[in-house]
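1. Give me a model of this one.
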Amino acid sequence: MSERSEPPAETAGPPARGSGMDSATEAFVAHRNLLFTVAYEMLGSAADAEDVLQETWLRWAGVDLGTVRDQRAYLVRITTRQALTRLRTLRRRKESYVGPWLPEPLLTAPDVAQDVELAESVSMAMLLVLETLTPTERAVFVLREVFGLEYDEIAEAVGKNPAAVRQVAHRARAHVAARRPRGAVSAAETRAALDAFQRAVETGDLQNLVDMLAPDVVLLGDGGGVVQAVVRPIVGAGRVARLLGAGLPRIGGEVSVEPVLVNGCPALIIRLDGQIDDVVAMRIDDGLITGLYVVRNPEKLSRVGRETAVSR
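-> Numbers count the residues shown, from 1 in each chain. A predicted model of the protein is given here:
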């Protein structure tokens with residue numbers, strides 16, 4: 001194995017350009033956040049996205065850079081192929097998952113929310129929509145609609161010809177359009193929903209929160225069979241309100257609620273006795289909460305203790 005066999009450290013404090021990195025390492029570090037975001041949007045799992053980056057690095061370290069015309073496109077192509085392979089494995093794993101599977105939440109920086117398209121693409125709601133696509137449809141949609149790759153570049157990444165990729169892209173766009181959030185949400189609407197939920201957790205008074213639930217609101221809980229969580233979707237304002245009324249606030253422990261940005265969107269981190277107990281993300285349409293995503297699986301909560309960089 002070459003001397004570049006170990007991947008560069010995660011983006012927290014990588015060596016500055018020109019400080020002894022070779023060309024391959026420099027290119028990988030420069031595009032690392034982009035590559036992570038591609039893999040994460042395809043997989044919905046930060047841990048698996050990191051594994052894909054490891055595999056990408058191992059392949060990139062052996063490439064003759066003199067033969068590479070566009071390093072960004074080449075790296076995205078490697079990442080996409082590795083993510084497609086892992087996505088098929090993940091799908092088999094999800095078949096035996098206990099209860100609903102939700103994406104692994106990421107604590108993101110404020111600048112992510114300012115990029116509306118990026119924030120929507122990594123949101124819990126959109127990642128769940130992407131889960132309904134086939135692996136190839138998901139790859140094509142992410143590469144085209146989020147990252148703006150040309151059809152010929154995508155064709156090389158997914159192993160199809162450009163004409164076939166155009167058809168897949170059209171099909172995926174139509175599928176996503178029918179299921180994506182119905183419109184932009186104002187800051188005031190988001191703040192009202194978060195404030196209502198925070199008051200409900202802290203005081204047990206659910207009325208303001210109930211008033212913001214859409215009639216067809218859906219609550220999904222992800223405990224992964226490790227901790228207690230609902231094992232089936234809870235549908236309808238009445239049923240969701242009753243569930244929240246039974247579960248909030250938690251008795252016998254010190255409860256704190258922190259408003260944060262998770263996956264580019266406002267959310268809440270709920271701590272019990274100082275430990276992260278769950279993350280609550282929301283989908284808001286037309287001023288009402290239409291989706292509540294409660295992640296409690298401890299294996300999925302490590303990324304909300306520190307910011308994760310995502311980019312396009």
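
2. how about stretch 69-76: buried residues?
-> 71-76 (16 or more other CB atoms under 10 Å). Any C-beta I mention is one placed from the backbone N, CA and C, and that applies to glycine too.

3. what is the rounded mean pLDDT of that stretch?
-> Mean pLDDT, computed over stretch 69-76, is 94.

4. Also stretch 281-289?
-> For stretch 281-289, mean pLDDT is 87.

5. and which of the buried residues of stretch 69-76 is nearest to residue 300?
-> The closest of the buried residues of stretch 69-76 to residue 300 turns out to be residue 76 (CB to CB; 25.7 Å).

6. Can you tell me the element the residue nearest to the closest one when sequence neighbours are not counted falls in?
-> In space, and not counting its chain neighbours, residue 76 is closest to residue 38: 6.0 Å by CB to CB, 6 or more residues apart in numbering. Assigned by DSSP states H and E, residue 38 falls within helix 23-43.

7. again, but for residue 278
-> strand 275-285.

8. who's in contact with that strand?
-> 105, 123-125, 181-183, 185, 189-190, 193-194, 197, 214, 250, 262-263, 265-271, 289-296, 301, 304-305 (CB atoms under 8 Å, 6 or more residues apart in numbering).

9. Now, of the residues you listed, which are buried?
-> Buried, going by 16+ other CB under 10 Å: 105, 123-125, 181, 185, 189-190, 193-194, 197, 214, 262-263, 265-270, 289-296, 301, 304, out of the contacts of strand 275-285.

10. among these, which are in helices?
-> In helices, judged by DSSP state H, the following of these are found: 124-125, 189-190, 193-194, 197.

11. How many neighbouring residues does the residue nearest to residue 76 have?
-> 29 (other CB atoms under 10 Å).

12. wait, residue 256 sits on residue 271?
-> Yes. If you go by CB atoms under 8 Å, residue 256 and residue 271 touch, sitting 4.6 Å apart.

13. Compute the number of surrounding residues for the residue nearest to residue 147 when sequence neighbours are not counted.
-> Distances taken as CB to CB, 6+ apart place residue 312 nearest to residue 147, at 5.8 Å, with adjacent residues excluded. Residue neighbour count, defined by other CB under 10 Å, stands at 14 for residue 312.

14. my read: residue 312 touches residue 120, true?
-> No. With contacts counted by CB under 8 Å, residue 312 stays clear of residue 120, the gap being 11.6 Å.

15. how near is residue 218 to residue 264?
-> Per CB to CB, to the nearest Å, residue 218 is found 21 Å from residue 264.

16. Quick one: residues contacting residue 118.
-> Contacts of residue 118 (CB under 8 Å, 6+ apart): 37, 112, 146, 264, 310-312.

17. Assign it to helix, strand or coil.
-> Three-state call for residue 118 (DSSP: H, G, I helix; E, B strand; the rest coil): helix.

18. any idea of the pLDDT on it?
-> At residue 118, pLDDT is 90.

19. Ok, the one 3 residues further on next?
-> At residue 121, the pLDDT value in this model is 92.

20. which SS class is it?
-> helix.

21. Isn't it up against residue 142?
-> Yes. Taking contacts as CB under 8 Å, residue 121 lies within contact range of residue 142: 7.4 Å.

22. so what sits against both of those two?
-> residue 41.

23. Now do the phi/psi pair for residue 222.
-> Per-residue torsions, residue 222: phi -120, psi 100 (degrees, to the nearest 10).

24. ok, it - contacts?
-> Applying CB under 8 Å, 6+ apart, the residues contacting residue 222 are 99-102, 229, 293-297, 300.

25. burial count for the nearest residue to it once chain neighbours are set aside?
-> Nearest non-adjacent residue to residue 222, counting by CB to CB, 6+ apart: residue 102, 3.9 Å away. Applying other CB under 10 Å, we find 26 residues neighbouring residue 102.

26. Against residue 233, how distant is residue 102?
-> Residue 102 is 11 Å from residue 233, by CB to CB.

27. Find the residues that touch each one of these two.
-> With CB under 8 Å, 6+ apart as the test, residue 102 and residue 233 both reach residue 220.

28. in terms of contact, does residue 307 touch residue 107 like I think?
-> Yes. Using CB under 8 Å, residue 307 is in contact with residue 107, at 5.2 Å.

29. so who does residue 200 touch?
-> 206, 208-209, 244, 248.

30. Of these, which pair is most distant in space?
-> It's 208 and 248 that sit farthest apart of the contacts of residue 200, by CB to CB, at 12.7 Å.

31. of these two, who's got more company?
-> Neighbour count, other CB under 10 Å: between residue 208 and residue 248, residue 248 has more, with 19 against 15.

32. List the residue ranges of this protein that fall below the pLDDT cut-off.
-> Within the chain, the segments meeting pLDDT under 70 span 1-21, 181-184, 248-253.
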